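**Q** Give me a model of this one.
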Amino acid sequence: MDNRTGEMEVFVTAAELQSFSAAGRRLKLSPSAVSKLVTRIEDRLGTRLLVRSTRTMTLTPEGEIYLGRARRILAEITETEQIVSGGGRTLPRGLLRVNASVGFGERYLLPLIPSFLELYPEVQLDVSLSDGIIGLIEERTDIAVRSGALDDSSLKARKLLESRRVIVAAPSYLDSKGIPKTPQDLGNHNCFSFNFRRNLNEWPFREPGATEVYRLPVSGNTAANSGMIIRRLCLSGTGLARIGQFHVQPDIDAGRLVPVLEEYNPGDIESIHAVFAGHEHLAARIRAFIDYLVQHLGKNDAREPIS
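**A** Okay, the predicted model is just below:
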């Protein structure tokens with residue numbers, strides 16, 4: 001009898017524990033039985049999924065794909081059984097892996113986690129904060145929060161909030177270097193920038209009353225890959241930056257940072273999305289977490305000009 005789901009469970013366990021012996025102990029199988037089942041999958045697929053040595057076990061690119069799909073299949077089987085046994089209803093449960101940028105995570109995501117887990121106590125959250133763009137399948141992540149343009153059309157996305165960009169500096173910097181009155185004045189200022197490959201060291205502006213947007217090159221002594229790093233540099237009083245308003249609104253409210261050149265702000269909007277691998281039967285835990293973010297973050301849009 002074909003038992004591919006059982007083989008998938010063995011493979012997933014071995015890949016996660018990186019050991020046939022550990023997988024065997026968890027599944028109550030001998031290490032040789034685990035090895036034979038993994039080999040059976042590889043023979044059927046005609047490709048290597050795991051590279052084994054005496055000390056290490058690593059996934060091949062094909063193994064990464066198989067692992068991600070196998071996890072989803074097994075999760076759907078479990079959820080289907082829970083739905084049927086629960087009379088058609090199921091509660092979100094199981095491990096949920098979430099990735100977000102450091103700035104978004106600290107300000108928006110982490111404060112929501114306790115109330116989410118109180119509402120859904122059978123969900124186990126695995127949260128990673130990083131400012132690099134990760135591959136969901138490669139990093140075994142269920143949901144990633146991303147800002148800006150979405151490049152991967154194979155993924156699904158839900159908009160969480162939108163934010164203007166704003167040029168800010170600390171009062172101490174402006175007292176020392178002066179307040180720029182026009183975009184051209186920025187040539188005399190230290191302008192922090194992002195070092196993403198897609199980022200250009202040019203800032204957009206629009207003259208008051210005009211419709212056309214133009215860009216001016218800026219320069220400074222520091223570039224970074226994180227909005228939180230740029231924010232801290234501004235707070236240090238050594239320069240200014242153009243940054244998402246959601247990063248710095250609390251600092252603006254408290255007077256730690258001051259917006260400048262607002263009359264030249266082109267009003268461009270940065271959208272922030274929850275991104276996930278979409279399929280017909282989305283796991284309840286993924287849907288519940290995204291719905292929770294949409295419900296609670298929609299009130300925090302930073303789109304209006306700063307008064």
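
**Q** mind exporting stretch 289-298 as PDB, just the C-alpha atoms?
**A** Provided in PDB are the C-alpha atoms of stretch 289-298 (Å, rounded to 0.1, in the frame of the first residue of the first chain):
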ATOM      1  CA  PHE A 289      -2.600  35.800  12.300                       C
ATOM      2  CA  ILE A 290      -2.900  37.700   9.100                       C
ATOM      3  CA  ASP A 291      -6.500  38.700   9.900                       C
ATOM      4  CA  TYR A 292      -5.400  39.800  13.400                       C
ATOM      5  CA  LEU A 293      -2.700  42.000  11.900                       C
ATOM      6  CA  VAL A 294      -5.100  43.600   9.400                       C
ATOM      7  CA  GLN A 295      -7.600  44.200  12.100                       C
ATOM      8  CA  HIS A 296      -5.300  45.900  14.500                       C
ATOM      9  CA  LEU A 297      -2.800  47.600  12.200                       C
ATOM     10  CA  GLY A 298      -5.300  49.200   9.800                       C
END
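
**Q** Which residues does that stretch contact?
**A** The contact list for stretch 289-298, computed with CB atoms under 8 Å, 6 or more residues apart in numbering, reads 92, 96, 98, 108-109, 112, 116, 119, 123, 143, 145, 158-161, 274, 276. Where you see a C-beta, it was placed from the backbone N, CA and C, and this is true even at glycine.

**Q** model confidence over that stretch, on average?
**A** In this model, stretch 289-298 has an average pLDDT of 89.

**Q** Let me see the confidence value for residue 165.
**A** pLDDT, residue 165: 91.

**Q** Which secondary structure elements does the helix or strand where it lies sit against?
**A** Element membership of residue 165, judged by DSSP states H and E, is strand 156-169. Contact partners of strand 156-169 among helices and strands, from 3 or more CB pairs under 8 Å, 6 or more residues apart in numbering; DSSP states H and E: strand 240-244, helix 245-254, strand 258-260, strand 269-276, helix 284-297.

**Q** Between the ones you listed, which shows the greatest average number of neighbours?
**A** strand 240-244 (a mean of 25; mean count of other CB atoms under 10 Å).

**Q** Neighbouring strands of that one in the sheet, and parallel or not?
**A** strand 156-169 (antiparallel), strand 191-194 (parallel) (DSSP bridges).

**Q** After the longest one, which helix or strand is next?
**A** Counting by DSSP H and E, the element after strand 156-169 in chain order, helix or strand, is helix 171-177.
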